[in-house]
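Peer 1: dropping a prediction and its sequence here:
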Amino acid sequence: MIEINQLTKRYGSLKAVDNLSFNVEPGQVLGFLGPNGAGKSTTMKMITGFVAPTSGSVRVCGHDIESAPLAAKTCMGYLPEGAPGYAEMTVRGFLSFVADIRGLTGERRKSRLDDVIARLALDSVLEQVIETLSKGFKRRVGLAQALLHDPLVLILDEPTDGLDPNQKHEVRALINAMAKDKIIVISTHILEEVDAVCNRAIIIANGRILADDTPQGLAARAPSGRLDEVFRSITTAAPAAGAAHA
Amino acid sequence: MHNISAIFKREFGSYFATPLAFVFIVIFLVLTGVFTFFLGGFFDRGQADLAPFFNYHPWLYLFLLPALSMRLWAEERKSGTIEMLVTLPITIWQAIVGKFLAAWAFAGLALALTFPIWITVNYLGDPDNGTIFAAYIGSFLMAGGFLAIGGCLSAATRNQVIAFIVTAVVCLFFFLLTGFPPVLNVFDGWLPQSVIDAIASLSFLTHFTSIAKGVIDLRDLVYFATLIVVWLAANAIVLDVKKAD
């Protein structure tokens, strides 16, 4: 379970994330929506312990990310924005480095590596150096790294960005297949993705929650029943409040 | 412990994943040779020791070791891998120590590959091998000092060239020239001797030359150990402040 309590991040006078509170339960796939600069990535960076909050708290699997960072990080897998990987390493070398850090050994190490390599179809590029990979493969390597220790909590920052339609479909199928007993938070600005994989959607702008509902519930708010219309009307109505704040 | 070794393995391996390792070792060996035989007058001195070899190490390290340390953190910050690294279940200390030890071990490898010169001097004469061994230890410790400073400054920027230059400048002005006799002589007379000695005692040169004479004094060991720990601690602070910029 992820418990986020009055989370705030300030950069100078700018409030990137403003008093955010919500919980995510196992079985939920939460779509984190918002325009660029809404605070999606900053929130994810605070959940995963990369950025320290100005105030408020984050608990993951019952561990506070600030006072018990190692325990919290152990039960999380994280795909940072842009899926960074060590350019000069081979895919195999990179994954075994992550397996080392995650403390995977023996049979389990082998079976986990085989599992993510098969799930993300990385067989053909295992010996290739990461900097020579296409954008789609880089993203898949980043996902493999996040899934490697079979974490209860997955935080994925724009997991399908840069993938072609087939690859998008595969990643969504992958997320759906894991959804049952995990906690998955994905950020995206592709609305069809929310329909395809999420059972809950939070729309934020200027660091604040504007809507928190099921994708169906959100869509029903517009007469046309279209999610993109709801998104537009919610996020374009809001900036005034946030701007006054900044 | 397994985290430090995982970081170490990755970092050490990454030197060899590019031509960097090869280029560095070749240049290091060629330059030590040039300094020893031409500038140092190894043969003309007619003495069976390695003083001309070790005397140039501080100056060689000054512009070679920042090339090893500059990538430690600047590259992670530039490519964004730092975000992945920091969100793995490791402490920042494990990452810093693992990376530092990898760079230090690589410098140690380059230093160890100068062994033919030790063999040569034994073939030509009858040197004091204890002194030579001590000088190797001193040189290795000094390399650790350079790399700890370089690692910290590398965390302060995402540009490796800036990391290189700042490291070289800081090492030159604060850790080499402060113990360089021609510079200290300038201050002779208008600064009290105790102040000059205090400044000189902060320098790599002072401690390295004292070890290179063959005496491994506890004070020199403490100096290098403290220096390394302090700069690694500074590295942790810099990272904490700058990692997400």
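Peer 2: Here it is on my side, so go on. Numbering: from 1, shown residues only, chains lettered A, B, ... in the order given.
Peer 1: tell me which element residue B:224 falls in.
Peer 2: helix B:218-242 (DSSP states H and E).
Peer 1: what's in contact with that helix?
Peer 2: B:73, B:77, B:92-93, B:96-97, B:100, B:138, B:141-142, B:144-145, B:148-149, B:151-152, B:155-156, B:201, B:207, B:210-211 (CB atoms under 8 Å, 6 or more residues apart in numbering or on different chains). Yep, even glycine has a C-beta here, placed from its N, CA and C like the rest.
Peer 1: check contacts around the residue nearest to residue B:220 when sequence neighbours are not counted.
Peer 2: Distance criterion CB to CB, 6 or more residues apart in numbering or on different chains; nearest residue to residue B:220, sequence neighbours excluded, is residue B:207 at 4.4 Å. Applying CB under 8 Å, 6+ apart, we find residue B:207 in contact with B:138, B:142, B:179, B:201, B:219, B:220, B:223, B:224.
Peer 1: any chance of those in a markdown table, with neighbour count and pLDDT too?
Peer 2: A markdown table is the format used below for the contacts of residue B:207 (neighbours: other CB atoms under 10 Å in any protein chain shown; pLDDT from 0 to 100):
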| residue | neighbour count | pLDDT |
| --- | --- | --- |
| B:138 | 26 | 95 |
| B:142 | 26 | 95 |
| B:179 | 20 | 84 |
| B:201 | 13 | 86 |
| B:219 | 9 | 92 |
| B:220 | 22 | 93 |
| B:223 | 22 | 94 |
| B:224 | 22 | 95 |
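Peer 1: just give me how far stretch A:127-141 sits from the chain centre.
Peer 2: 19 Å (CA atoms, centre = their mean, to the nearest Å).
Peer 1: what residues of that stretch count as buried?
Peer 2: A:129, A:130, A:133, A:136, A:137, A:138, A:139, A:140, A:141 (16 or more other CB atoms under 10 Å in any protein chain shown).
Peer 1: next one: stretch A:202-216
Peer 2: Under the neighbour-count criterion of 16+ other CB under 10 Å, stretch A:202-216 has A:202, A:203, A:204, A:205, A:206, A:207, A:208, A:209, A:210, A:211, A:215 buried.
Peer 1: and the pLDDT for residue A:155?
Peer 2: What the model reports for residue A:155 is a pLDDT of 96.
Peer 1: let me know the secondary structure of it.
Peer 2: strand (DSSP: H, G, I helix; E, B strand; the rest coil).
Peer 1: so what's it up against?
Peer 2: Contacts of residue A:155 (CB under 8 Å, 6+ apart): A:44, A:47, A:48, A:76, A:77, A:78, A:79, A:146, A:185.
Peer 1: one step back: closest to residue B:67 out of the buried residues of stretch A:202-216?
Peer 2: Relative to residue B:67, the closest of the buried residues of stretch A:202-216 is residue A:207; by CB to CB it sits at 42.1 Å.
Peer 1: from residue A:42, how far out is that closest one?
Peer 2: Using CB to CB, to the nearest Å, one gets 8 Å for the distance from residue A:207 to residue A:42.
Peer 1: please enumerate the shared neighbours of these two.
Peer 2: A:9, A:16, A:17.
Peer 1: centre of the chain to the top helix by length along chain B, how far?
Peer 2: Longest helix in chain B, counting residues (DSSP state H): helix B:129-155. Remark: helix B:129-155 is offset 4 Å from the chain centroid, using CA atoms, centre = their mean.
Peer 1: please apply the same query to stretch B:223-230.
Peer 2: That offset, for stretch B:223-230, works out to 12 Å (CA atoms, centre = their mean).
Peer 1: just for chain A, where's the confidence low?
Peer 2: Applying pLDDT under 70 to chain A flags the ranges A:238-246.
Peer 1: how far does stretch B:207-226 sit from the chain's center?
Peer 2: Between the centre of stretch B:207-226 and the centre of its chain there are 14 Å (CA atoms, centre = their mean).
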